[in-house]
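Trainee: Quick check, what structure comes out for this input:
(2 chains)
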Amino acid sequence: MTGSQHQDGMETQSADTGDGWRQARVTIKNRLGMHARPAMSFVDLANAMASDIRVGKGEQEVDGKSIMQMMMLAATQGTELVIRAKGHDASDALKKLSDLVDRKFDEE
Amino acid sequence: MKLCDFVVKEAVVASLKASDRDDVMRELVDALIAAGAAPKGLRDELVNLIIDREKKGSTGFGKGVAVPHVKHAKITKMSATIGLSQHGLDFNALDKQPVYSVVLLMSPEGKPDEHLQAMENIFTNLQKDQFRKFLKQATAVEEVMDLLQEADNQQIPG
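Mentor: Just a heads-up that it's a prediction; the model follows:
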């Protein structure tokens, strides 16, 4: 249901990768990187979504709903992450999570 | 970056005396100061910053571990200590379970990337069941340091 929203070009660029997953690329913009508090915001938001959420940095991919795993990414300023989502609210999840990263986790 | 590069052996507390979260912070900051890892005059300020941080959101991220941390301009070298509690501490952890192992990290203000790399190293190990189990069971500083050495040498599975 959420996948059919009209966003008039404001939609986060998320792509269906053909295996039921959708993905979006984001870049960490805040100076301090994704330290504990931003990671917690991300995980809280991810956990509010029904979809499975995976977050990748290079070869490494972790569970976007686990704070301990997210901290393993060491996502410093400038790091590109690939967020993947699978589930009925995948598009919505990717949009919300990408927005959070783009907003610098509301801390700057 | 290796754990043994920033965990200060002289500041590791194998058996915490404190049983209250805030007292644990004081005990660990005191241990770091006694080991020369932080200036003495900074004691109360560091303790207050760490506790304030904890009040904004528990660093008890689950599975019996907590990673309180603080950044300060007067800290010149990143350093950490580990405190172990036999009885378990109430950290208001995310999973509501008691915390047995506390890793306290102090970082300089202007090096966010270094801070994140240390966190990555800490969490990569804390994520491993074996590492958490052995850390919880350790009763002497030497055992903790041996475990960190094994972790640094990638000898811990998981």
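Trainee: From here on, just use CA atoms for contacts and neighbour counts.
Mentor: OK.
Trainee: May I ask you to confirm that A:Asp44 is in contact with A:Gly64?
Mentor: No: if you go by Cα atoms under 8 Å, A:Asp44 and A:Gly64 don't touch, sitting 9.5 Å apart.
Trainee: which residues touch the most centrally placed residue in chain B?
Mentor: Most central in chain B under Cα atoms, centre = their mean is B:Val103, positioned 1.3 Å from the mean C-alpha point. Under the criterion of Cα atoms under 8 Å, 6 or more residues apart in numbering or on different chains, the contact list for B:Val103 reads B:Val65, B:Ala66, B:Val67, B:Pro68, B:Ala80, B:Thr81, B:Ile82, B:Gly83.
Trainee: switch to 10 Å and redo it
Mentor: Residues in contact with B:Val103 (Cα atoms under 10 Å, 6 or more residues apart in numbering or on different chains) are B:7, B:12, B:28, B:59, B:65-69, B:80-84, B:122, B:126.
Trainee: Next: A:Arg22.
Mentor: A:13-16, A:53, A:83-87, A:90-91, A:93-94.
Trainee: Among A:Asp44 and A:Gly64, which residue is more densely surrounded?
Mentor: A:Gly64 (25 against 15; other Cα atoms under 10 Å in any protein chain shown).
Trainee: where does the more buried one land on pLDDT?
Mentor: Note on A:Gly64: pLDDT of 98.
Trainee: Would you mind confirming that it is in contact with A:Ala93?
Mentor: No: counting by Cα atoms under 10 Å, A:Gly64 sits too far from A:Ala93 to count as a contact (11.1 Å).
Trainee: Can you check which residues contact both of these two?
Mentor: Contacts common to A:Gly64 and A:Ala93, judged by Cα under 10 Å, 6+ apart, are A:Leu45, A:Ala46, A:Asn47, A:Asp52, A:Ile53, A:Ile83, A:Arg84, A:Ala85.
Trainee: and the spatially closest residue to B:Lys2 that is not a sequence neighbour, how far is that from B:Asp95?
Mentor: Among residues not flanking B:Lys2 along the chain, B:Asp152 sits closest, at 5.6 Å (Cα to Cα, 6 or more residues apart in numbering or on different chains). B:Asp152 sits 28 Å away from B:Asp95, going by Cα to Cα, to the nearest Å.
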